[in-house]
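Asker: My questions concern the predicted model and sequence given below.
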Amino acid sequence: MALMLKAKPVTYVAHSLAVVGVILVLIWAIHFRGGLAWEAKNKALIFNIHPVLLLIGFIILGGEAAISYKSLPFKKEQKKVIHLVLHAVALILGIVGIYAAFKYHNESNIVNLYSLHSWIGIGVISLYAIQWVYGFVVFFYPGGSSSLRSESVPWHVLLGLFVFSLAVANAAIGFLEKLTFLESAGLAKYSHEAYLVNFTAIATVLYGAFVVVSVHAQGDPPAPADEYNYSAI
């Protein structure tokens, strides 16, 4: 059910929050944490890839894919391809970002999958992959029957929003977990970096909220032939 609210203004707020999130996480990783590297003696630089790719690549690109039907002024078929490609790129970058965390742990002699954040993360990326494959097969190629598409749309949207919301919540848990580690290692609780991490988490949560509202808000009415094409998330 669509909210009695126009989607376009809500998507503008979501885009703005995405820009804020990108800037904040890059400042954190580059200015405060020393940068990013795939190979380095300072293994923390490897870990820095994780929050950058998971926020920018997975959550923000995934969110932009979710609202692409409401935010882009293109024909339905064009938006369908953009939606599909953005989700695919988000999935790939999410996998790379998760691998970066494993790589950091392995090279630093830290055990893997010991925290709630890591458990939820594996669940989220797995559900995201299943969601993408199902959407590709049913709504894109080879494409399901009209009845299958119509029956799948509400469930596809519901699962998509669930996975996206879970990813946003897990990102907030991840920021809290990392900040707790840093403070335990001596970072001042009221330092500029601590504030930056908290504000990055807040921007991420707000972005997720506006993406969800955008999906449920009123967009332009679809053409009859497009009603059961690829869904809005």
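Answerer: That came in fine, so what should we check first? Numbers count the residues shown, from 1 in each chain.

Asker: Residue for residue, what is the longest helix the chain has?
Answerer: Secondary structure of the chain read by DSSP state H shows that its longest helix is helix 146-184.

Asker: what does the average pLDDT come to for that one?
Answerer: What helix 146-184 shows for mean pLDDT is 94.

Asker: moving C-terminal of it, what's the next helix or strand?
Answerer: helix 192-216 (DSSP states H and E).

Asker: Flag every buried residue along that next one.
Answerer: By neighbour count with 16 or more other C-beta atoms under 10 Å, helix 192-216 contains the buried residues 193-194, 196-197, 200-216. C-beta coordinates here come from the backbone N, C-alpha and C atoms, glycine included.

Asker: likewise stretch 98-117?
Answerer: So stretch 98-117, judged by 16+ other C-beta under 10 Å, has buried residues 98, 100-101, 103-105, 117.

Asker: Could I get the buried residue list for stretch 161-177?
Answerer: 161, 163-168, 170-175.

Asker: for the closest residue to residue 87 other than its chain neighbours, phi and psi?
Answerer: With C-beta to C-beta, 6 or more residues apart in numbering as the criterion, residue 87 has its nearest non-adjacent residue at 4.5 Å, and that residue is residue 65. Dihedral pair for residue 65: phi -60, psi -40, per degrees, to the nearest 10.

Asker: Identify the single longest strand in the chain, thanks.
Answerer: Ranked by number of residues, the top strand in the chain under DSSP state E is strand 3-6.

Asker: The longest helix of the chain relative to helix 192-216, how many degrees between them?
Answerer: Angle of helix 146-184 versus helix 192-216, following axes from the mean of the first three to the mean of the last three C-alpha atoms, to 10 degrees, is 170 degrees.

Asker: by contact count, what packs against helix 146-184?
Answerer: Other helices and strands packing on helix 146-184, by 3 or more C-beta pairs under 8 Å, 6 or more residues apart in numbering; DSSP states H and E, are helix 49-52, helix 61-66, helix 116-135, helix 192-216.

Asker: Let's see that with 10 Å instead.
Answerer: Here helix 146-184 touches helix 7-26, helix 49-52, helix 61-66, helix 76-107, helix 116-135, helix 192-216, going by 3 or more C-beta pairs under 10 Å, 6 or more residues apart in numbering; DSSP states H and E.

Asker: do you know how far the nearest residue to residue 115 once chain neighbours are set aside is from residue 56?
Answerer: Counting by C-beta to C-beta, 6+ apart, residue 177 is the residue found nearest to residue 115 once chain neighbours are left out, at 6.4 Å. Distance of residue 177 to residue 56, given as C-beta to C-beta, to the nearest Å: 19 Å.

Asker: residues touching the residue nearest to residue 121 when sequence neighbours are not counted, list them.
Answerer: For residue 121, ignoring the flanking residues on the chain, the nearest one in space by C-beta to C-beta, 6+ apart is residue 170 at 5.8 Å. By C-beta atoms under 10 Å, 6 or more residues apart in numbering, the residues touching residue 170 are 54, 59, 116-121, 123-124, 177.

Asker: from those residues, which is closest to residue 152?
Answerer: Distance to residue 152, by C-beta to C-beta, is smallest for residue 124 among the contacts of residue 170, at 20.8 Å.

Asker: close enough to count as contact, that closest one and residue 98?
Answerer: Yes. Counting by C-beta atoms under 10 Å, residue 124 touches residue 98, with 9.5 Å between them.
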